[in-house]
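> Okay, sequence plus prediction incoming.
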Amino acid sequence: MQHYTFMPRGVCSRLIDFDLDDEGKIHNLSYFGGCNGNLKAIGKLLEGADAKETIGILQGNTCGRRPTSCADQLTKGLEAALDGSLAPSTQG
């Protein structure tokens, strides 16, 4: 299992942490900053979900007048992890 930390842009959350297992399943998703209750719920709902399927579902989701959202930013982090442009990090 690999751990990733992604810095979202254009949203209230400041960091998105998640793990991907060898099958591309999401684990231990957590956001820092943003709408606490909603983002905790996203983490619970996506535990064990397939990263590619999650991208297809959440990509393009917006928040208010913003062209993105915390869910959309997660898709950017997942894509980067899957294509290798986001290097795994060490959990702190």
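The structure has been received and is ready for your questions. The structure presented is a predicted model; accordingly, all values stated were derived computationally and were not measured.
> contacts and neighbour counts: CA atoms only from here.
Fine.
> And the pLDDT for the most centrally placed residue in the chain?
Central residue of the chain (C-alpha atoms, centre = their mean): Leu74, 2.9 Å from the mean position. pLDDT recorded at Leu74 is 97.
> got it, and Gly92?
pLDDT, read off for Gly92, is 51.
> now do Ala41
Looking at Ala41, the pLDDT reads 95.
> tell me the SS of it?
Using DSSP: H, G, I helix; E, B strand; the rest coil, the structure places Ala41 in helix.
> Wait, a helix at the residue nearest to the centre of the chain?
Yes. Assessed by three-state DSSP, Leu74 belongs to a helix.
> list the buried ones in the helix or strand bottoming out on mean pLDDT in the chain?
The helix or strand of the chain with the poorest confidence is helix 36-46; it has a mean of 93 (mean pLDDT, DSSP states H and E). For helix 36-46, the neighbour count (16 or more other C-alpha atoms under 10 Å) marks 39, 43, 46 as buried.
> right, and the residue nearest to the centre of the chain touches Leu15 too?
No. Applying C-alpha atoms under 8 Å as the test, Leu74 and Leu15 come out as separate, 9.8 Å apart.
> Could you pull out the residues contacting both of those two?
By C-alpha atoms under 8 Å, 6 or more residues apart in numbering, Leu74 and Leu15 have these common neighbours: Pro8.
> For burial, what's the neighbour tally of the residue nearest to Gly60 when sequence neighbours are not counted?
Excluding its sequence neighbours, the residue lying closest to Gly60 (C-alpha to C-alpha, 6 or more residues apart in numbering) is Asp72, at 5.6 Å. Residues within reach of Asp72, counting by other C-alpha atoms under 10 Å, total 22.
> All set, thanks.
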